[in-house]
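Student: How does the following fold in three dimensions:
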Amino acid sequence: MSTTAEDLLPDSLLETFRERAVVHDRENTFPMDDLADLRERGYLRLLVPTELGGLGSSLLEATRIQRRLAQAAPATALSMNMHLVVTGAALHAHRLGVDSVRTILDAAAAEKLFAFGISEAGNDAMLFDSSTRAEQQEDGGFQLTGTKIFTSLAPVWDRMVAHGRLAEASEADPRLLFGVLERTEAVEVLDDWDTHGMRASQSCTTRLHSAQVAADRVLTSTPVGPNQDPFVMGIFGAFELLIASVYTGTAERAITVGTRIASTRRSATKDIVHADDPDIRWRLADAAIGVDGTILQIEKVMADLDALGTGEGGPGTVDHGPRWFLHFSGVKSRATETAIHAVDQVLRASGGSQYFRRSELERLSRDVRAGMYHPSDEESVHASYAKALLGEIGAPRPALPQ
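Tutor: Here you go, the predicted model:
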């Protein structure tokens, strides 16, 4: 079963979302009505296979749907991304035969909303390490104690995927535990989200006070450090490419708005509409060229990830082997930086009136800048590529030819 972006998100619904986005940005509130509309249309079941009660969409289809949603309400798209990252990772692992992720897919089929509790202040390793403590219990479950940041959907999530470092593991062999938490009194959600952009995502700080991961909600345990555990790899790929899709969709909307402005705004000195001004034309074209390229990159790598999980890749799909994580982070980095540049080009082409808070472009320019703060950031992407090219810092080098 295939769900197209246009079927799931018709133009009339997107216009409603766009009108609401203005209010939620101004009032710094979560878009409850958007969530209700998306839930009614099966959004929470998007990446659940049809045989498990879902819509059966592919990861590639999800990128297109998220781009479309971001063109109306970027912060709504960003918050819903976290549910799709969790269910997308579960879908990837399920395709590869991992039984433990059924708890996620079954819950999503029952309309449970998932948050993503991985980010921690100062933890540059992200998925591959944790400052949260995971202590095993006699019943086979675990208790997590620590602080997670940027936990989108903070006011509304039902369950959260989180990780912690196993307290019982030896220093020589440190390990991580990934599991699913319920929203209980052991989970404290702070009201601390007051940001430059993406305000409606309400990605508040979450403190875990011996929060319980039941034995049947344990997803996987991995070594500390990069690894290709199916669930972890699914998280990394779904996160990076769906994040890239949201910011690309935001830039697409900016280009649409800028094009409309250029078609009606006139230059008093040149006595022409801006659509006929070579400088304006160049800026808008430059924005569109960059965004067009990132769409192709996102779709290519996500199609390859779908093929890896299903074993049904079409012509041109590739198993990238040890380079998967480089491609995930590289596409995210190029997409978010390109989106920021594209929105800036549109702003430069659209005149000073777009500096006012009443302007949609003003809001888009703030929302798109959140992309630089999501992992993988520019520093880690460049460090990873440098390591792939040059090896570790200080590693022995071949002698130069005489």
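Student: hey, C-alpha coordinates of the helix or strand M160 falls within in PDB?
Tutor: If you go by DSSP states H and E, M160 is part of strand 159-166. Output in PDB follows, covering the C-alpha atoms of strand 159-166 (Å, rounded to 0.1, in the frame of the first residue of the first chain):
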ATOM      1  CA  ARG A 159       6.100   6.700  25.100                       C
ATOM      2  CA  MET A 160       9.700   7.600  24.600                       C
ATOM      3  CA  VAL A 161      12.700   5.700  23.200                       C
ATOM      4  CA  ALA A 162      15.800   6.500  25.300                       C
ATOM      5  CA  HIS A 163      19.200   5.100  25.900                       C
ATOM      6  CA  GLY A 164      21.700   4.900  28.800                       C
ATOM      7  CA  ARG A 165      25.100   3.500  29.600                       C
ATOM      8  CA  LEU A 166      24.800   0.200  31.500                       C
END
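Student: avg pLDDT for it?
Tutor: The average pLDDT for strand 159-166 rounds to 97.
Student: by contact count, what packs against that strand?
Tutor: Strand 159-166 is packed against strand 114-117, strand 133-136, strand 142-151, strand 175-182, strand 204-213, with contacts defined by 3 or more CB pairs under 8 Å, 6 or more residues apart in numbering; DSSP states H and E. C-beta: built from backbone N, CA, C; applies to glycine.
Student: Tell me which strands it pairs with, and in which orientation.
Tutor: Strand 159-166 has the following sheet partners, assigned by DSSP bridges: strand 114-117 (parallel), strand 133-136 (parallel), strand 175-182 (antiparallel).
Student: what's the first one in contact with?
Tutor: What it means is strand 114-117. Contact with strand 114-117 is made by 82-83, 85-87, 104, 107-108, 148, 151-154, 157-163, 181, 206, 208, 239, as judged by CB atoms under 8 Å, 6 or more residues apart in numbering.
Student: quick one: buried residues of stretch 340-360?
Tutor: Buried residues in stretch 340-360, defined by neighbour count with 16 or more other CB atoms under 10 Å: 340-351, 354, 359.
Student: that older thread, got the angle between the strand holding M160 and strand 142-151?
Tutor: 120 degrees (axes from the mean of the first three to the mean of the last three CA atoms, to 10 degrees).
Student: Contact partners for the residue nearest the centre of the chain?
Tutor: Geometric centre of the chain, nearest residue: I243, 3.0 Å, by CA atoms, centre = their mean. Shown in contact with I243 (CB under 8 Å, 6+ apart): L78, N81, K332, A335, T336, G371, H374.
Student: Now go through those and say which are in helices.
Tutor: Assigned to helices by DSSP state H, the following of these qualify: L78, N81, K332, A335, T336.
Student: so which of the residues you listed comes closest to S57?
Tutor: Nearest to S57 among these is N81, at 14.3 Å by CB to CB.
Student: can you count the residues close to that closest one?
Tutor: Using other CB atoms under 10 Å, N81 is surrounded by 26 other residues.
Student: Low-confidence ranges, the stretch 1-150 of the chain, go.
Tutor: 1-2 (pLDDT under 70).
Student: Let me see the ranges of the helices in it.
Tutor: 5-8, 11-27, 32-40, 59-70, 74-95, 102-109 (DSSP state H, counting those that start in this stretch).
Student: And H94, how close does it get to S245?
Tutor: From H94 over to S245 the distance is 21 Å, taken as CB to CB, to the nearest Å.
Student: of the buried residues of stretch 340-360, closest to R18?
Tutor: Closest to R18 out of those is S359 (13.2 Å), distances taken as CB to CB.
Student: How about that closest one: what's its closest non-neighbour residue?
Tutor: S353 (6.6 Å; CB to CB, 6 or more residues apart in numbering).
Student: sec struct for the one you found, please.
Tutor: Following DSSP: H, G, I helix; E, B strand; the rest coil, S353 is assigned to helix.
Student: Narrow the buried residues of stretch 340-360 to those in helices?
Tutor: Among the buried residues of stretch 340-360, the members falling in helices (DSSP H) are I340, H341, A342, V343, D344, Q345, V346, L347, R348, A349, S350.
Student: Please, where are all the helices along the stretch 251-400 of the chain?
Tutor: Assigned by DSSP H, counting those that start in this stretch, the stretch 251-400 of the chain shows helices spanning 278-310, 324-350, 360-368, 378-390.
Student: want to throw these into JSON lines with distance to R217 and mean pLDDT?
Tutor: Output for these, formatted as JSON lines (distance: least, CB to CB, whole Å; pLDDT from 0 to 100):
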{"stretch": "helix 278-310", "distance to R217": "22", "mean pLDDT": "96"}
{"stretch": "helix 324-350", "distance to R217": "26", "mean pLDDT": "97"}
{"stretch": "helix 360-368", "distance to R217": "33", "mean pLDDT": "97"}
{"stretch": "helix 378-390", "distance to R217": "30", "mean pLDDT": "92"}
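Student: Could you dump these into a markdown table with distance to D37 added?
Tutor: Below are the helices of the stretch 251-400 of the chain laid out as a markdown table (distance: least, CB to CB, whole Å):
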| stretch | distance to D37 |
| --- | --- |
| helix 278-310 | 25 |
| helix 324-350 | 25 |
| helix 360-368 | 20 |
| helix 378-390 | 35 |
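Student: which among the ones in helices among the contacts of I243 gets closest to G53?
Tutor: Proximity of the ones in helices among the contacts of I243 to G53 (CB to CB) peaks at N81, which lies at 21.7 Å.
Student: Contacts only, for the closest residue to that closest one other than its chain neighbours.
Tutor: Excluding the flanking residues, the one nearest N81 by CB to CB, 6+ apart is L242, at 5.0 Å. By CB under 8 Å, 6+ apart, the residues touching L242 are A62, T63, Q66, N81, L84, V85, G88.
Student: Test my guess that the first one contacts R45.
Tutor: No - under the criterion of CB atoms under 8 Å, A62 is not in contact with R45, lying 11.9 Å apart.
Student: Same drill for those two, tell me which one is more crowded.
Tutor: In this view A62 and R45 are compared by other CB under 10 Å, and A62 has more residues nearby, 26 against 23.
Student: In a strand, S221, correct?
Tutor: Yes - S221 forms part of a strand when assessed by three-state DSSP.
Student: Noted, bye for now.
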